[in-house]
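K.L.:
got a structure for you, letters missing:
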């Protein structure tokens with residue numbers, strides 16, 4: 001089978017890029033020929049005999065909205081000339097103007113816009129206006145991309161519902177959760193000194209993009225101010241152009257909040273912390289939540305966080321409202337008051353993740369590829385082929 005995968009980055013150390021990295025590995029293990037239409041590709045694939053990298057140079061335009069369009073046009077033009085070479089074209093959201101067989105919804109802008117937590121308005125300054133524009137441009141572009149695909153992969157049942165709300169037929173949606181590396185992310189030696197983190201205190205972890213309010217670190221810091229010492233917080237993420245170091249100072253918790261910048265060795269950091277606190281206001285699928293549970297950490301999330309539905313009741317706490325700082329503070333106090341209960345939660349989360357490895361995810365994508373490849377798309381009738389879901393696998 002000849003497969004083309006279209007995405008910006010395919011790499012082990014990238015969120016969406018990691019998913020596609022594992023799909024490439026599964027496809028190659030099954031004997032497929034793989035073409036990667038991407039800006040950046042992991043070195044392991046660059047010299048593989050059955051991998052071709054069709055590089056789309058990264059643009060230097062000043063805004064992601066413009067760079068995305070350059071990629072979409074360039075990749076769409078190349079695919080228009082080479083589509084006949086592939087049995088399956090797999091894309092990720094709105095990323096190209098070419099039609100696809102499979103489209104994975106890593107983020108649904110329509111869902112974010114209508115989540116109830118969307119914060120951006122045109123009148124709130126140029127940064128907010130740009131975010132508003134970015135969302136409103138992507139909503140119709142994604143809708144078009146999803147509707148034109150023969151099959152759309154939702155990472156969670158919640159995302160499947162959001163896709164249906166954009167007009168994707170229910171029969172055209174396949175739910176395939178992301179995987180997690182349970183050998184890399186695993187309980188083990190605590191090494192707080194390596195990260196200059198305090199020993200002997202309850203230590204929470206927050207990981208994510210610190211430039212956006214969507215990840216909701218502000219509510220975490222506000223809650224921490226209502227939690228007594230010595231509970232501390234490690235924050236993994238680049239602080240450049242981030243307002244949160246100043247917010248920590250304003251709230252009087254700066255000495256208990258440890259901003260680590262970009263962390264290359266997340267498994268070691270997760271082994272060194274007690275619980276993940278991640279009440280994101282909107283996520284399609286939070287890989288960090290799965291990795292934390294695989295590492296034996298308790299999880300404190302919100303229902304708006306994509307992977308919250310995978311957190312067993314005995315593995316953590318899931319809040320109804322991500323913005324409820326008093327409820328978050330109460331949950332932190334509950335988690336950190338009983339170290340034994342905290343360890344049991346981590347063990348329950350670890351047990352839940354043992355069946356959710358990357359190999360299982362990759363095999364489900366391959367099953368989908370095979371079903372679609374057995375029946376070529378009906379000319380001019382995109383989005384109809386997932387009636388095949390009823391066939392045996």
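P.N.:
Everything's here; your move. Because the structure is a prediction, the values reported are computed rather than measured.
K.L.:
give the contact list for residue 90.
P.N.:
Taking Cβ atoms under 8 Å, 6 or more residues apart in numbering as the criterion, residue 90 is in contact with 3, 4, 5, 6, 23, 100, 101, 102, 103, 104, 365, 369. Heads up, the C-betas are built off the backbone N, CA and C, glycines and all.
K.L.:
can you do 10 Å?
P.N.:
Going by Cβ atoms under 10 Å, 6 or more residues apart in numbering, residue 90 touches 3-7, 20, 23, 27, 34, 37, 100-104, 149, 151, 153, 365, 368-369, 372.
K.L.:
And residue 353, by the same measure?
P.N.:
For residue 353, the contact set (Cβ under 10 Å, 6+ apart) comprises 179-182, 185-186, 289-296, 310, 312, 315.
K.L.:
if you go through the chain in chain order, where are the helices?
P.N.:
15-29, 43-46, 64-82, 109-113, 126-148, 157-165, 217-224, 244-250, 266-271, 287-294, 325-337, 339-353, 358-374 (DSSP state H).
K.L.:
Please work out which of the ones you listed is packed deepest.
P.N.:
Of all the helices of the chain, helix 287-294 has the most neighbours on average by mean count of other Cβ atoms under 10 Å, namely a mean of 27.
K.L.:
relative to helix 15-29, how tilted is it?
P.N.:
Angle, helix 287-294 to helix 15-29, by axes from the mean of the first three to the mean of the last three Cα atoms, to 10 degrees: 70 degrees.
K.L.:
Which strands or helices does helix 287-294 pack on?
P.N.:
In terms of contacts (3 or more Cβ pairs under 10 Å, 6 or more residues apart in numbering; DSSP states H and E), helix 287-294 is packed against helix 15-29, strand 203-207, helix 266-271, strand 275-278, strand 298-302, strand 316-319, helix 339-353.
K.L.:
how about the ones you listed in TSV, adding distance to residue 194 and mean pLDDT?
P.N.:
Below are those laid out as TSV (distance: least, Cβ to Cβ, whole Å; pLDDT from 0 to 100):
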stretch	distance to residue 194	mean pLDDT
helix 15-29	23	94
strand 203-207	13	97
helix 266-271	7	96
strand 275-278	19	96
strand 298-302	22	96
strand 316-319	25	95
helix 339-353	20	95
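K.L.:
domains for this structure, by residue range?
P.N.:
2-179+357-379, 192-353 (automatic domain parsing).
K.L.:
What's the mean pLDDT across stretch 211-229?
P.N.:
Throughout stretch 211-229, pLDDT has a mean value of 95.
K.L.:
May I have the distance across that stretch, first residue to last?
P.N.:
Distance across stretch 211-229, first residue to last, is 27 Å (Cα to Cα, to the nearest Å).
K.L.:
again with stretch 298-314
P.N.:
Start-to-end, stretch 298-314 (Cα to Cα) is 9 Å.
K.L.:
what's near enough to touch residue 45?
P.N.:
10, 11, 21, 24, 25, 28, 34, 36, 38, 51, 52, 53.
K.L.:
now do 8 Å
P.N.:
Shown in contact with residue 45 (Cβ under 8 Å, 6+ apart): 10, 24, 34, 36, 51, 53.
K.L.:
Distance to residue 336 for these - can I get that in a markdown table?
P.N.:
A markdown table is the format used below for the contacts of residue 45 (distance: Cβ to Cβ, whole Å):
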| residue | distance to residue 336 |
| --- | --- |
| 10 | 39 |
| 24 | 40 |
| 34 | 46 |
| 36 | 44 |
| 51 | 47 |
| 53 | 47 |
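K.L.:
For residue 359, state which of the residues you listed is nearest.
P.N.:
residue 24 (13.1 Å; Cβ to Cβ).
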